[in-house]
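**Q** coordinates only, sequence not included:
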C-alpha cells in the first residue's frame, strides 16, 4: 500500500489533447524506490512498481512507457542482471530512457550501460533513499528530475540524484552521508 | 502544517563534501504550491513557503538560494507584481532561476519575463495543481523537474509542468483539464 | 483524492473469522472531515465520504454500516437537516451510532438528537479540524476515538473530540482555539 | 523522519482553558508503531517514539504523560522486559494507562499485567500493523481508540486493536490475517 494515493480522477485518460513531447521509456529494476511494508511479516519487500502511481501524482503528460525489468535490491544485482538491463535499453525505440535502480550499485550499472555503447540514447539512472510508500520519500522529486534530464541532456549515461546530474564516470555514492558526489 | 515532514536529520548541514553544481535561485511568489489549510477559519491561506522543506525532502544538494518575492494567488497578480518579479530576477547573480507561481496566470508572468530581456539567464516557472501540504500534491515532482530543466536548458524563459517543458510563447493552460499544452 | 491510500489488500474481505463486536452505524453528514481539494477550481468541496477508506486504513474489524445522510458544511446545517439526522438515527437498528459532523454546529445537532429522545442508543458525534485528505488530519484519531466511545458509553448523546468525550449538554466549541471544552 | 508532520502551531501550549479529563499515562515499549526507516542502512529501526507527535496531530487535550519504558520489537520481549512494564504500570499514579506494544507478543504482556494484579487500573494495550512513519499506518486510529477505551472501561487489562476491545484472556492475534480476534 502506498502512502500517497492515486488521484481518483485520471484526467490523462479522458484528455483529448495530444502530448507533443518526445517518448520516454522508464525501465524499473527495483531499489529502495519501490520497497513497501509487509504488514504480516514486518519486513520491507517488493510487490509492483509505484512508478505509474507517481506519474499520475505528478500529473505527468509525457508520452511514457513503463517496463519492469526486475524488482530487486541493488545489492543483489549481478552481471547477468546488468546484461539484461543493457539488453532492454537496447531494445527500446525511445531515445530518452530513465532507469530506476537501487542506489548502492547504481554507479556500477551506469558503467555497464556506458560500456555497452548504446548509441544516441540519453539514459538517466535514478532512485531513492526512502521508499516512495513512506510519505517522506525523495522518490517523487528524483523521478521528476530524472525525466527532465532525460529529455534535454545530450546522449550518454547519467545519474540523477539530489537534484543534480552526473556523467556516469564522475560520480560515486557517499555511503556515510547517503548522497551522490563528484569523484573529481 | 505540512503533510510531509521535514527530515529531522539534515545531512546537508553536516555534510563535509562540496556540492559542485552551478548555483540556482528559487524565487517564490505563492500559488497553489504553497497554500495551506487554516484550521480555525476552514480556508486555504498562505503562511511560509514549503520550498525549503521540499528541498530537504528531495535530499537536494544543489547550491540553492530561496527568496520569497510575494505570497499570492496568481489570480491576484498585477502588472506591478510582475514588474517586481522581473526586477528580482534581474537582481539575482545566478544564471539558473526557478520561479514558483500559481498556474492560472503563469503564462502571463512568463511573457513579462521574456519581454524584459533578462540576458543569458535560464528562467523556469513551475507550480502545482494541488497544495504541497496535501499529501497528494504534484509539487515535489514539479520542483524536481523545474530545477533540472533550469540547469540544462539554454538561456530563455520556460514553463515546466506535467513533466514537460515549454518555451514561454508556445504554451497555454488548458483550464478544463488542468494541464499545460502547446499552443502550436 | 485522498492523502493516505487505501490498502490494496483488503484482508477483511477474505477474512474467514467472524467479528463478534456489536454492530455500529456511522451516519455521515459532511464537515471538514470529508472536504477535499478541487484542483480545477482551487477550492475545498465535498465528493464522497472518506469514512470507508479510513476504516480500512484503521484495519477496523467492527461490524460497521456507513450511511451518508448529507454532505454539507455544518455552517449550512438547518433545522430540517437536523430533523433528517434525528430521523435517520431513529431509523437505525444499531444501538451504537457515530455521526460525523462539522465542528461549528456540532453541539447544536447534539442537542437536537438529545431533545428527540432516541431511547437506549449511544450516539457519538465527531469531526475534524483538518480534512482527512490532508495528510495532517486529526480525523483518523477522532474516528478511532468516537467508535470506541460509542461501544462502551451508556445510552445518551455525546461529542468525542480531542481525545475527550463530553455529554451533549456540557460542551462548547472554543472557536478561538479550535478545541472543544466543558461549559461547567 | 515521520510521514505526517507535527503541526507547527501547538495550540495546546497557548490554550488558557483547563482540560478536565482524568489523567492518562502512555507507556511506550516500541513495536511496529514506532519503527522508522533508516535511509543509510535501508532497514527499519527505532529512534524516538512518535506518540507525542501523534497526540498533537490528533489535537489531543487529554492530560497525558508519556513514558518510554523501552523501544523494542515485541518478538524480543523477555520475562524481564515484562516485569519492567508491570513495575512501571505499578509506579504510575494514573488509573488509566495505555501501553503501546508490538502486536506479536502483545497478548503475552497483557497476561503478565493481569497476573500482576494492578488494582483498579484500566490498562489498554495497543499497537499498529504498519509503522506510523508510513503514511498508511493504522497507528493513529488505534491510539485514538485505546485512549478512549482506557478512559471508560472498568478496571482490568484489555487489548484495543482493529477498533475493537478485548479482555486480556479472550483474545489472540491471528497471524495469517494480521488481526486480533476473540478466542472463545
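**A** Arrived safely, thanks for sending. For clarity, every value in this text was computed on a predicted model and none was experimentally measured. Numbers count the residues shown, from 1 in each chain, chains lettered A, B, ... in the order given.
**Q** pLDDT wise, what is residue A:83 at?
**A** As predicted, residue A:83 sits at a pLDDT of 98.
**Q** now it: closest residue in space that isn't a chain neighbour?
**A** residue A:112 (7.6 Å; C-beta to C-beta, 6 or more residues apart in numbering or on different chains). In this view, the C-beta of every residue, glycine as well, is placed from N, C-alpha and C.
**Q** elements contacting the host helix or strand of that neighbour?
**A** Take DSSP states H and E as the rule and residue A:112 turns out to sit in helix A:106-116. Applying 3 or more C-beta pairs under 8 Å, 6 or more residues apart in numbering or on different chains; DSSP states H and E, we find helix A:106-116 packed against helix A:79-91, strand A:122-126, strand A:156-161, strand A:171-174.
**Q** strand partners (parallel or antiparallel) of the second one?
**A** The reference is to strand A:122-126. strand A:96-100 (parallel), strand A:156-161 (parallel) (DSSP bridges).
**Q** residue C:157 is nearest to which of those strands?
**A** strand A:96-100 (53.4 Å; C-beta to C-beta).
**Q** work out the gap between the closest one and the centre of the chain.
**A** Here strand A:96-100 is found 6 Å from its chain centre; the criterion is C-alpha atoms, centre = their mean, to the nearest Å.
**Q** local confidence estimate at residue A:15?
**A** Per the predicted model, pLDDT is 42 at residue A:15.
**Q** go ahead and confirm residue A:46 touches residue A:36.
**A** Yes: contact status for residue A:46 versus residue A:36: in contact at 7.5 Å, counting by C-beta atoms under 8 Å.
**Q** which one of these two has more residues nearby?
**A** Legend: neighbour count by other C-beta atoms under 10 Å in any protein chain shown for residue A:46 and residue A:36, higher for residue A:36 (23 against 17).
**Q** what's across from the more buried one in the sheet?
**A** residue A:45.
**Q** that one and residue A:48 touch, don't they?
**A** No: counting by C-beta under 8 Å, residue A:36 stays clear of residue A:48, with 9.1 Å between them.
**Q** residue A:165 in helix, strand or coil?
**A** Under the three-state scheme (DSSP: H, G, I helix; E, B strand; the rest coil), residue A:165 adopts strand.
**Q** ok, now which ones touch it?
**A** Contacts for residue A:165 (C-beta atoms under 8 Å, 6 or more residues apart in numbering or on different chains) come out as A:124, A:145, A:149, A:153, A:158-159, B:148, B:151-152.
**Q** dump those into JSON lines; add distance to residue C:70 as well.
**A** Below are these laid out as JSON lines (distance: C-beta to C-beta, whole Å):
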{"residue": "A:124", "distance to residue C:70": "50"}
{"residue": "A:145", "distance to residue C:70": "45"}
{"residue": "A:149", "distance to residue C:70": "49"}
{"residue": "A:153", "distance to residue C:70": "54"}
{"residue": "A:158", "distance to residue C:70": "54"}
{"residue": "A:159", "distance to residue C:70": "53"}
{"residue": "B:148", "distance to residue C:70": "46"}
{"residue": "B:151", "distance to residue C:70": "51"}
{"residue": "B:152", "distance to residue C:70": "52"}
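**Q** which one of those sits closest to chain C?
**A** Chain C lies nearest to residue A:145 out of the contacts of residue A:165, by C-beta to the nearest C-beta, at 22.4 Å.
**Q** what's the closest non-adjacent residue to the closest one?
**A** Leaving aside its sequence neighbours, residue A:145 sits nearest to residue B:144 (C-beta to C-beta, 6+ apart; 3.9 Å).
**Q** where's the one you found, which helix or strand?
**A** In the assignment (DSSP H and E), residue B:144 maps to helix B:139-152.
**Q** next: residue A:53.
**A** Judged by DSSP H and E, residue A:53 forms part of helix A:51-57.
**Q** tell me if that helix is near chain C.
**A** No: using C-beta under 8 Å from any C-beta of the partner chain, helix A:51-57 stays clear of chain C, with a minimum separation of 8.6 Å.
**Q** shouldn't residue A:72 be in contact with residue A:30?
**A** Yes: when contacts are counted by C-beta under 8 Å, residue A:72 is listed as touching residue A:30 (4.5 Å).
**Q** shared neighbours of the two, which are they?
**A** With C-beta under 8 Å, 6+ apart, residue A:72 and residue A:30 have common neighbours A:46, A:102.
**Q** more neighbours: these two, which one.
**A** Neighbours were counted for residue A:72 and for residue A:30 using other C-beta under 10 Å; residue A:30 has more, 23 against 17.
**Q** what residues are up against that one?
**A** Residues counted as contacts of residue A:30 (C-beta under 8 Å, 6+ apart) are A:46, A:70-74, A:100-102.
**Q** for residue A:126, same thing?
**A** Applying C-beta under 8 Å, 6+ apart, one finds that residue A:126 lies in contact with A:98-101, A:142-143, A:145-146, A:159-161.
**Q** please redo it, this time with the cut-off set to 10 Å
**A** A:26, A:31, A:33, A:98-101, A:103, A:106, A:138-139, A:141-147, A:149-150, A:158-161, A:165, B:144 (C-beta atoms under 10 Å, 6 or more residues apart in numbering or on different chains).
**Q** kindly report the same for residue A:103.
**A** Contacts of residue A:103 (C-beta under 10 Å, 6+ apart): A:31-33, A:74, A:125-129, A:142, A:159, A:161, A:173, A:175, A:178-180, D:39, D:42.
**Q** just the buried subset of the residues you listed, written out for PyMOL, thanks.
**A** Buried members of the contacts of residue A:103 can be picked out in PyMOL with the line below, counting by 16 or more other C-beta atoms under 10 Å in any protein chain shown:
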select buried, (chain A and resi 31+32+33+74+125+126+127+128+129+142+159+161+173+178+179+180) or (chain D and resi 39+42)
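**Q** am I right that residue A:122 is in contact with residue A:113?
**A** No: here residue A:122 does not reach residue A:113: they are 11.2 Å apart, not a contact under C-beta atoms under 10 Å.
**Q** shaky segments in chain A?
**A** A:1-20 (pLDDT under 70).
**Q** what's the longest strand in it?
**A** Determined from DSSP state E, the single longest strand within chain A is strand A:64-72.
**Q** if we can go back for a sec, of all the helices and strands packed on helix A:106-116, which one is nearest residue A:62?
**A** strand A:122-126 (13.2 Å).
**Q** next, the angle helix A:79-91 makes with that closest one.
**A** Relative orientation of strand A:122-126 versus helix A:79-91 (axes from the mean of the first three to the mean of the last three C-alpha atoms, to 10 degrees): 140 degrees.
**Q** next, the angle from strand A:122-126 to helix A:106-116.
**A** Strand A:122-126 runs at 160 degrees relative to helix A:106-116, counting by the same axes, to 10 degrees.
**Q** centre of the chain versus strand A:122-126, how much separation?
**A** On C-alpha atoms, centre = their mean, the centre of strand A:122-126 falls 7 Å from the chain's centre.
**Q** equivalent analysis for stretch A:153-167, please.
**A** 12 Å.
**Q** tell me which residues touch residue A:48, please.
**A** So residue A:48 contacts A:28, A:34, A:36, A:68, A:71, C:8 (C-beta under 10 Å, 6+ apart).
**Q** let me fix that, I meant to ask about residue A:141.
**A** Counted by C-beta under 10 Å, 6+ apart, residue A:141 has contacts A:58, A:126, A:128, A:161-163, B:54-55, B:57-60, B:139-145, B:147-148.
**Q** tell me how far it lies from residue D:141.
**A** Plainly put, residue A:141 is 29 Å away from residue D:141 if you go by C-beta to C-beta, to the nearest Å.
**Q** OK, contacts around residue A:115?
**A** Shown in contact with residue A:115 (C-beta under 10 Å, 6+ apart): A:82, A:86, A:157, A:168.
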